[in-house]
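Chemist: structural data only, the sequence is not supplied:
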């Protein structure tokens, strides 16, 4: 029995992905949680279920078509057909063009962009049948500006943005909301605290605040839908 | 005594401006309503006050520096210092470049852009003293693409967007949130029903749905602020 | 008798404006040179005339409608109707929003944007009668990103870009080429050597190299016209 | 012996690719011509060689890493190390997201974007050793706006643009010019005459005029390099 609304978050680490899972669970959604690394996935699954929510963790490499298809079969059988898809997966290898392997570029593209295409194909038929649904993609600064030494991320995230724009045109008239959310700053977590130690607290973004906005975008009326927005810290150190 | 939060909406007609006034009044704000034409202004002022809210209508030409300064003196004495500024004023004359008068270009620029600069200068000192505040500007398709025969609107709205971006950089670190909201579709009202008769209901934007998003942007945490977003109808007839 | 092609450059200092004047003069154009400050204007006028070219310097404040109209009357009577218009004028005052005077914003807008509108109106009737012509506007980084403390320049240059886009749509089908050229780096001159002393030679743009590209844009076939391009130094220190 | 400059054009059909080959050959370059379909390739190779130029046609699928690597080995042995790379290859399958196969998305991405990455890696070492070189990528309307039913092209072309931007940042300081040229209109050829029969001659772009601009971009001084520009017909039917 699937009396819940169902949200799937692809790309769940301990930061934004977990906050997204919590936010939709708090609103009464059953949440499917997908990521390559099982550890963070199991922690958030347990946390949500312990609080009386309903979460199902499904380890999967989002860039692998067969594995991703199987993961969605599992979501549908365990939770039901998703009404919300959040694609938050990303991967990159930094480096100059002669230092990178061609495989690194392709792997990043598969995780950042191709997986979103595949995941969308999994959730669309049921959304169309219902005439509603929400599809949210996580962008980055590299979605709109090619960034030095980030070939992998820039190519993947530009592609994801293209996908969001074409999808919005196809899906909007069918009642399905597609939005691209560009996270412009450093999300507060252990990794960014190590990488950007000079940032003050106010210069780090809170995963919960970001997740709240995904939720608000989901709540938007089709009489005023957002296709793209940015999110950044108020005291934005990169906004020159 | 000013125990209310205070919002000022500059540019209040019967459509979006009125919905913005209503939305902030419903949240308990005292609202200052400014527009050139007094009629719509008085109707919405009466409506809000009749429902137990607190509204003050102040007729003013937003492009006239002395008049706008006087209007803000009035707001501050009647309601108090604004914590939210919504700049929704706009004006344009369509026409080819040789058909337009140079004065038409300047007048539109003054209403679309210069008035926002002036209004922001009026509200900023008190916002800075408090370390918080919200400034929301209404954009249009002409904010990001020059539109055929719309020299006046395009020049004014591009300028408003520039202003929003520079303001965000100056004001963000002071705790003041500046956002630019691009309304991409036809707002449902008598004028657009006449001008775009072929649009279906789902292709017209609801003023209340738009105003709700201005409110949500105001509620955002400074740990995840939006600088720019678009709003459009789900079934967007202009999204080719 | 006006057997020459005629180019007018509005905004002629010792750097790019002078190089533009020289480039079109070298190609056999009679050149009208306009600027507020007479000194640089007279120097380049003399230089071109001494080399056998034909230049007419006309001091004018480009943001002053009556003065600019008179300057174009003068150009037409002395040289003939321009076939090329280059609008290279700009002005700005840096400063925070509360430090600037509103007049400073308006004056900059008039010089950066309104003057281009006025100048275009002066040259268009003859261009339309001939079915050809070239209109080139000089943009800057502030044309596409609002820059901290540069309200004046950002609002003016965004407006100029809007104007270029609308003009291109109106004028293209009439055979008149409108292009917006975004100069992304520091042009090598005394002022920028003082302001950016850390830049190497290769990080400074050569006025002659920029002017050459304006000339190439003028030469483009209407079967492949550019509406917008950037120019920057190869070793671009600002390209992060 | 390789006393010629050498240009390689990847993506040579009877239209723009052939015009690019001719343009560089006319300037004295030895030209390597690559494309999947051999027929057009052989015709233009013969034409250039018959006119006294030096062309080598190398059939190859640009999205196939091993085949592309072999093709560049061949170019280097037959002609020498390229000083100019033009990446003009593209491929797409139109269709809604549920109608497309995932393979179609990946194949298009490989041809539009991945092949450019691979080709650049082939030419860069020699360009760096010399401290100069030119790399030109062909963009499309789908490079900057996701286009309805064109997932394949939009994802591929957005990715190519990202690649151009990151490359420009890495290669500029090494003296290597990377530019992205967005072809905004229909190139005049048999296919577009069939697909857009309503366009007038002036609304179709001339391959020779486009190729001329690639050549001019190659000639630019590093003191004023273009990173991105558009090309469109003067009477642009799509410029609304």
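Modeler: Now that the structure is in, tell me what you want to look at. Everything numeric in this text was worked out from a predicted model, so none of it was measured. Numbering: from 1, shown residues only, chains lettered A, B, ... in the order given.
Chemist: so which bits of chain A are right by chain D?
Modeler: Within chain A, the positions near chain D by CB under 8 Å from any CB of the partner chain are A:65, A:96-98, A:102, A:105-106, A:109, A:113-114, A:117-118, A:120-121, A:124-125, A:142, A:145-151, A:154-159, A:161-170. Heads up, the C-betas are built off the backbone N, CA and C, glycines and all.
Chemist: what's the pLDDT at the spatially most central residue of chain A?
Modeler: The residue at the geometric middle of chain A, judged as the C-alpha nearest the mean C-alpha position with CA atoms, centre = their mean, is residue A:88 (1.8 Å). Looking at residue A:88, its pLDDT stands at 98.
Chemist: then the one 10 residues further on?
Modeler: Per-residue confidence at residue A:98 stands at 98 (pLDDT).
Chemist: list the helices and strands the longest helix along chain A packs on?
Modeler: Of all the segments assigned as helix in chain A under DSSP state H, the longest by residue count is helix A:151-171. The contact analysis (3 or more CB pairs under 8 Å, 6 or more residues apart in numbering or on different chains; DSSP states H and E) places helix A:151-171 against helix A:102-109, helix A:115-130, strand A:133-139, strand A:176-183, helix D:151-171.
Chemist: and chain A, which residues reach chain B?
Modeler: Those residues of chain A that sit near chain B, judged by CB under 8 Å from any CB, are A:168-169, A:172-173, A:175, A:177, A:184, A:188, A:202, A:204-206, A:209-210, A:212-213, A:216, A:220-236, A:239-240.
Chemist: just name the shakiest helix or strand of chain A by mean pLDDT.
Modeler: In chain A, no helix or strand scores lower on mean pLDDT, DSSP states H and E than helix A:190-195, which sits at a mean of 83.
Chemist: list the contacts of the closest residue to residue A:192 other than its chain neighbours.
Modeler: Using CB to CB, 6 or more residues apart in numbering or on different chains and skipping residues adjacent in sequence, the residue nearest residue A:192 is residue A:186, 4.2 Å away. Contacts for residue A:186 (CB atoms under 8 Å, 6 or more residues apart in numbering or on different chains) come out as A:192, A:195-196, A:199, A:203-205, A:233.
Chemist: next one: residue A:201
Modeler: The contact partners of residue A:201, taken as CB under 8 Å, 6+ apart, are residue A:188.
Chemist: mind checking pLDDT for it?
Modeler: On the pLDDT scale, residue A:201 gets 81.
Chemist: ok, residue A:131 next?
Modeler: The predicted local distance difference test score for residue A:131 is 96.
Chemist: the one 5 residues further on too?
Modeler: With respect to pLDDT, residue A:136 scores 98.
Chemist: what's the ChimeraX line that selects buried ones from the contacts of residue A:186?
Modeler: The following ChimeraX line selects those of the contacts of residue A:186 that are buried, judged by 16 or more other CB atoms under 10 Å in any protein chain shown:
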select /A:192,199,203,204,205,233
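Chemist: contacts for the helix or strand harbouring residue A:85, please.
Modeler: Using DSSP states H and E, residue A:85 falls within strand A:84-87. The contact list for strand A:84-87, computed with CB under 8 Å, 6+ apart, reads A:5-11, A:20, A:24, A:29, A:62, A:115-116, A:119-120, A:123, A:133-138, A:160, A:214, A:218.
Chemist: stretch A:125-139 now?
Modeler: Taking CB under 8 Å, 6+ apart as the criterion, the residues outside stretch A:125-139 that touch it are A:11, A:16, A:81-88, A:90, A:116, A:120, A:123-124, A:157, A:160-161, A:163-164, A:167, A:171, A:174-183, A:214, A:217-218, D:98.
Chemist: from start to finish, how long is it in a straight line?
Modeler: The separation between the terminal residues of stretch A:125-139, taken as CA to CA, to the nearest Å, is 24 Å.
Chemist: identify each buried residue in that stretch, please.
Modeler: Going by neighbour count (16+ other CB under 10 Å), the buried part of stretch A:125-139 is A:127, A:133-139.
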